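> structural data only, the sequence is not supplied:
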């Protein structure tokens, strides 16, 4: 599912169900979730297994993928960027070399409405709210509130490695488009509402762009910021 949203330079691995939930962990990974509940440990193990499988696609041997001590984000091998996501029934990871991709973020969620009250927290601007209302009338089969939540998760995952601090839901405005030939997928743009460079100084556009899809009871979203010097088609 997530693989359909990613360019050729990105390697990914995804599984449905609990296929990887019992995957072995390296000692430092196991220590990070030793006190977690069983469900969290299983999701963590499956996410790391997906990540190692994706890294193998880059020719990188299996090794530990520890957690960032501040926010818990994965710490990737040198020269690699990546992202992991998991929700009920789905686990996935995506990775790329920094020579091809500056940063990326992926997310998957159950394709259902957000809990009551959460949309107000997620929505940043009046334009965002108006666009969601219009899209809800045009395509009520899509849970746009859940799609917005998922897409904002990808913005944070792509943004965090450069700034290493929180990015609130209210600090990015997202607007969606639909593929006229395939109503279950489309794109989105994310405009940051905070001062400063989007990524590192001198790097990147002013707006993130991403892709989304809904299928198999899930919604998936992905942002990939290609390296400006990468080969065409990367």
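Yes, it's here. As the structure is a computational prediction, the values presented were derived from the model and not from experiment.

> okay, CA-based contacts and neighbour counts for the rest of this
Noted.

> roughly how far does residue 9 sit from residue 97?
As for residue 9, its distance to residue 97 is 8 Å (criterion: C-alpha to C-alpha, to the nearest Å).

> correction: residue 6
Distance from residue 6 to residue 97, by C-alpha to C-alpha: 14 Å.

> now do the strands in the protein.
11-16, 80-87, 90-97, 101-110, 172-179, 182-192, 207-215, 218-226 (DSSP state E).

> so which of those gets nearest residue 30?
Closest to residue 30 of these is strand 80-87 (C-alpha to C-alpha; 16.8 Å).

> mind listing the strands the closest one pairs with, and their directions?
strand 90-97 (antiparallel) (DSSP bridges).

> bridged to the spatially closest residue to residue 174 that is not a sequence neighbour, which residues?
In space, residue 174 comes closest to residue 190 once its chain neighbours are excluded; the distance is 4.5 Å by C-alpha to C-alpha, 6 or more residues apart in numbering. Listed by DSSP bridges, the beta-bridge partners for residue 190 are residue 174, residue 208.

> residue 190: what's it in contact with?
155, 172-175, 207-209 (C-alpha atoms under 8 Å, 6 or more residues apart in numbering).

> any of those residues buried? List them.
Listed as buried from these are 155, 172-175, 208-209; burial here means 16 or more other C-alpha atoms under 10 Å.

> and residue 119, how many neighbours does it have?
Around residue 119 there are 17 other residues, counting by other C-alpha atoms under 10 Å.

> can you pull the pLDDT of it?
With respect to pLDDT, residue 119 has a value of 89.

> gap between the residue nearest to it when sequence neighbours are not counted and residue 43?
Spatial nearest neighbour of residue 119, excluding adjacent residues (C-alpha to C-alpha, 6+ apart): residue 145 at 6.3 Å. From residue 145 across to residue 43, the span is 24 Å (C-alpha to C-alpha).

> what's the answer for residue 88, then?
Taking C-alpha to C-alpha, one finds residue 88 at 9 Å from residue 43.

> between the two, which one's more packed in?
Neighbour count, other C-alpha under 10 Å: between residue 88 and residue 43, residue 43 has more, with 23 against 14.

> now do the contacts for the more buried one.
So residue 43 contacts 21, 86, 91 (C-alpha under 8 Å, 6+ apart).

> closest one of the residues you listed to residue 196?
residue 86 (30.7 Å).

> what pLDDT does that closest one get?
Value for residue 86, per-residue pLDDT: 94.

> pretty sure it contacts residue 108?
Yes - at 6.5 Å, residue 86 counts as touching residue 108 under the criterion of C-alpha atoms under 8 Å.

> who has more neighbours, these two?
residue 108 (30 against 20).

> name the nearest residue to the more buried one, sequence neighbours excluded.
Nearest to residue 108 is residue 220, by C-alpha to C-alpha, 6+ apart, at 4.3 Å.
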